[in-house]
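Novice: Need the 3D shape of this:
(one chain, ligands or ions: 1)
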Amino acid sequence: MTTKDDITLHRGLQGVYFDRTATTFIDGKQGILEYRGYSIHDLAAMSTFEETSYLLLYGDLPTQAQLDEFDAELKSSRELPEQVLDVIEIVKDSHPMDVLRTAVSALASFDEDREDNSIEATYRKGIRLTSQFATIVMAHHRIRHGKDPIKPSTSLSHAANFLYMLEGEEPTADTAELMDRDFVIHADHGSNASAFTARVVAGTSADLHGAVTAGIAALSGPSHGGAAENVMQMAQEIGEPENAAQYVKDLLASRQRVMGFGHRVYKAEDPRARHLREGVRKLSEEKGEPKWYAILEAVIDAMKPYARRGIHVNVDFFAGVVYYLNGVPQDLFVPIFAVGRVPGWTVQVVEQFQHNILIRPLLSYTGEHERPYVPIGDRG
Ligand code: ACO
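Specialist: Numbers count the residues shown, from 1 in each chain. As a prediction, the model looks like this:
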């Protein structure tokens, strides 16, 4: 859009490149996503969240010894300071995303690298936060129901431990694997709203905890992470697969959006979506609730005419049902997204620090000029 002053506005910064990255590649037209040059399809099928986190942070796949050391660091960081559990208790009635934001901000005060904003310290903080996020989400969930938090396991994987902290029951290997895949596909996604927010904060040379706290706030909105919660709600409103077509028609006729569809960058199918699709099918059959998968497929069918306009299914479409079928309450869906995204936020902040610049765009002023100042007693 060109204004009267010949200023080109890029509302929402659509299509604007603001820096370079060596971390995540996205081709929205072709539906390609790579972390550090590795296809998301290979990583979803063969990697683990721990390995993918290492890859994102350090640029290469780890050797077994490197992975063991990294995994040990993650495992040893799972417990929260007592004071942070107290903070969670105080704010326990808020939405879990708000509690997560507050708890992460509070964690800054207890981090051993609190005074150190170097790249090395930022990596250490990012590894600790990756583990602590999972504990915060589940500890809060227990505390708000009057239960004691489950002590994190020192042996389970990140994904299995996350589910374990819900009720103290170890998940099956299949369930843990699906959760792990969910974390892998959510681990980074270029300059999405929350990562961009984190970069803006890091651009002022503020610290990782500040950047990530702001990132959580950005993620909480329904146009970003909030969609997973809304998709499950939509599936429940639809109730039965045969209602899906009419439901979608009514929604679109009232100019509302179908949650879990559309993406600012992808105009082809979001390459992450397919990795949960089969898992949802299997899981909903295993749990004796195949209708959820059938409802989602019926919504996809109803949305087919919109594919021509570049509106395809996105990663959040299947994620909510995975969590629901695992007994995770709906308001924890977005926090789960955040649990998976910590390595991405960390590496984006590290990249920002490595080549830092203040992010400060311009606004084209449309208000009045040279208004006479009227003393308060003379205003009508
Ligand atoms: N359902 C119906 N129509 C849609 C949808 C949708 N989900 N998404 C976009 N459209 C339509 C818009 O109405 C608009 O139509 P118009 O040109 O006739 O007005 C057109 O497509 C372009 O939409 P924009 O909002 O301009 O596209 P933008 O890139 O800003 O939006 C967004 C991207 C916010 C994700 C949008 O697709 C949306 O609201 N989707 C639903 C929420 C959702 O699933 N969010 C998760 C995103 S993925 C993630 O964060 C992990």
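
Novice: Would you map the helices across the stretch 201-350 of the chain?
Specialist: Along the stretch 201-350 of the chain, the stretches classed as helices by DSSP state H, counting those that start in this stretch are 208-219, 227-238, 244-253, 274-286, 291-302, 304-307, 316-325, 333-354.

Novice: can you list the domain ranges for the chain.
Specialist: 36-221+329-354, 227-325 (automatic domain parsing).

Novice: could those be laid out in JSON lines, adding mean pLDDT, distance to the ligand and mean neighbour count?
Specialist: For glycine as for every other residue, the C-beta is placed from the backbone atoms N, C-alpha and C. Shown next, in JSON lines, are these (pLDDT from 0 to 100; distance: least, Cβ to the nearest ligand atom, whole Å; neighbours: other Cβ atoms under 10 Å):
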{"stretch": "domain 36-221+329-354", "mean pLDDT": "97", "distance to the ligand": "6", "mean neighbour count": "20"}
{"stretch": "domain 227-325", "mean pLDDT": "91", "distance to the ligand": "2", "mean neighbour count": "19"}
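
Novice: picking up where we left off before, export the helices of the stretch 201-350 of the chain as JSON lines, with columns for distance to residue 29.
Specialist: Putting those into JSON lines (distance: least, Cβ to Cβ, whole Å) gives the following:
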{"stretch": "helix 208-219", "distance to residue 29": "25"}
{"stretch": "helix 227-238", "distance to residue 29": "22"}
{"stretch": "helix 244-253", "distance to residue 29": "24"}
{"stretch": "helix 274-286", "distance to residue 29": "17"}
{"stretch": "helix 291-302", "distance to residue 29": "20"}
{"stretch": "helix 304-307", "distance to residue 29": "13"}
{"stretch": "helix 316-325", "distance to residue 29": "20"}
{"stretch": "helix 333-354", "distance to residue 29": "22"}
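
Novice: for those, which one sits closest to residue 98?
Specialist: helix 208-219 (8.8 Å; Cβ to Cβ).

Novice: That closest one packs against which elements?
Specialist: helix 96-107, helix 119-144, helix 193-203, helix 333-354 (3 or more Cβ pairs under 8 Å, 6 or more residues apart in numbering; DSSP states H and E).

Novice: contacts for it?
Specialist: 97, 100-101, 104-105, 107-108, 111, 122, 125-126, 129, 193-202, 224-225, 334, 337-338, 341-342, 345-346, 349 (Cβ atoms under 8 Å, 6 or more residues apart in numbering).

Novice: Next: stretch 89-106.
Specialist: 80, 83-84, 87-88, 129, 132-133, 136-137, 140-141, 143-144, 209-210, 212-213, 216-217, 219-220, 225, 331-332, 334-335, 338.

Novice: Give me the distance from that stretch to the chain's centre.
Specialist: 16 Å (Cα atoms, centre = their mean, to the nearest Å).

Novice: same deal with stretch 35-48?
Specialist: With Cα atoms, centre = their mean, you get 18 Å for stretch 35-48.

Novice: Identify the residue nearest residue 48 in space, chain neighbours excluded?
Specialist: residue 180 (5.7 Å; Cβ to Cβ, 6 or more residues apart in numbering).

Novice: Name the secondary structure element that contains the one you found.
Specialist: Element membership for residue 180, per DSSP states H and E: helix 173-186.

Novice: Export the host helix or strand of residue 86 to PDB, keeping only CA atoms.
Specialist: Element membership of residue 86, judged by DSSP H and E, is helix 82-90. Presented in PDB, the C-alpha positions along helix 82-90 are these (Å, rounded to 0.1, in the frame of the first residue of the first chain):
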ATOM      1  CA  GLU A  82      10.400 -23.500  45.800                       C
ATOM      2  CA  GLN A  83       9.800 -19.700  45.400                       C
ATOM      3  CA  VAL A  84       8.500 -20.200  41.900                       C
ATOM      4  CA  LEU A  85       6.100 -22.900  43.100                       C
ATOM      5  CA  ASP A  86       4.900 -20.300  45.600                       C
ATOM      6  CA  VAL A  87       4.400 -17.800  42.800                       C
ATOM      7  CA  ILE A  88       2.400 -20.400  40.900                       C
ATOM      8  CA  GLU A  89       0.200 -21.000  44.000                       C
ATOM      9  CA  ILE A  90      -0.500 -17.200  44.200                       C
END
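
Novice: Check which helices and strands the helix holding residue 180 is in contact with.
Specialist: Using 3+ Cβ pairs under 8 Å, 6+ apart, helix 173-186 is in contact with helix 40-46, helix 49-58, helix 158-167, helix 274-286, helix 316-325, helix 333-354.

Novice: Counting by contacts, list what the second one packs against.
Specialist: Spelled out, that is helix 49-58. strand 32-35, helix 64-75, helix 119-144, helix 158-167, helix 173-186, helix 333-354.

Novice: now that helix and helix 173-186, what's the angle there?
Specialist: For helix 49-58 against helix 173-186, the angle by axes from the mean of the first three to the mean of the last three Cα atoms, to 10 degrees is 20 degrees.

Novice: contacting residues around helix 49-58?
Specialist: Residues contacting helix 49-58 (Cβ under 8 Å, 6+ apart): 23-24, 35-36, 38, 43, 47, 61-62, 66-67, 70-71, 74, 123, 126-127, 130, 157-159, 180, 183-184, 187-188, 340, 343-344, 346-347, 350.

Novice: I figured residue 296 hits residue 319, correct?
Specialist: No. The criterion here is Cβ atoms under 8 Å, and residue 296 misses it with residue 319 at 11.0 Å.

Novice: overlap in contacts of these two?
Specialist: residue 231.

Novice: unless I'm mixing things up, the residue nearest to residue 48 is touching residue 156, no?
Specialist: No. Contact criterion Cβ under 8 Å: residue 180 and residue 156 do not qualify, at 10.9 Å.

Novice: show me what contacts the closest residue to residue 282 other than its chain neighbours?
Specialist: Nearest non-adjacent residue to residue 282, counting by Cβ to Cβ, 6+ apart: residue 174, 7.5 Å away. Shown in contact with residue 174 (Cβ under 8 Å, 6+ apart): 282-283, 286.
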